[in-house]
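Q: dropping a prediction and its sequence here:
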Amino acid sequence: MLLMLNIHYSHAYEIVRPDLLVASPSVIITPYRDAFGNWCSRLEAAAGRTTISTSAIVRSNGFTEPVALDDARQRGLRVIVICSYARAYVERHPEVQDIVVGMTPVAEADGQAGPR
């Protein structure tokens, strides 16, 4: 499995706690940079459920980058909103709501939800 879940290098100055990925059940995650300078991760997971998480903390300006939603639309992707900033953006911009298939509850999006 190849993942692009890390914070983009252009936002490195916003990182308070690094975005180290953790998988459960535990698997080896091999990080690498792609040709565009993005941090990517490679892992091999057994069939079944695998949870990937991080305890990263990012100090953000609070603005969602609409380009991410435009990119998702161009690629024919659907979006599940998990960030309270992105939730606020989507709620204020009905033109992007057609690609949104779900939103995480506000408390969970803000990191206030308990363990699952």
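A: Sure, I can see it.
Q: which residues touch Ser53?
A: Taking Cβ atoms under 8 Å, 6 or more residues apart in numbering as the criterion, Ser53 is in contact with 21-22, 24. Quick note: C-beta positions are derived from backbone N, CA and C, even for glycine.
Q: turn the residues you listed into JSON lines, including distance to Glu91, secondary structure and neighbour count.
A: Formatted as JSON lines, those follow (distance: Cβ to Cβ, whole Å; DSSP: H, G, I helix; E, B strand; the rest coil; neighbours: other Cβ atoms under 10 Å):
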{"residue": "Leu21", "distance to Glu91": "29", "secondary structure": "coil", "neighbour count": "16"}
{"residue": "Val22", "distance to Glu91": "31", "secondary structure": "strand", "neighbour count": "12"}
{"residue": "Ser24", "distance to Glu91": "32", "secondary structure": "strand", "neighbour count": "10"}
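Q: looking at those residues, which one is closest to Tyr32?
A: Leu21 (12.6 Å; Cβ to Cβ).
Q: tell me the contacts of that closest one?
A: 3, 5-6, 29, 31, 41, 52-54.
Q: go with 7 Å
A: Contacts for Leu21 (Cβ atoms under 7 Å, 6 or more residues apart in numbering) come out as 5, 29, 41, 52, 54.
Q: the second one reaches Cys40, doesn't it?
A: No - the pair Ile29 / Cys40 is not scored as a contact, 10.4 Å apart, by Cβ atoms under 7 Å.
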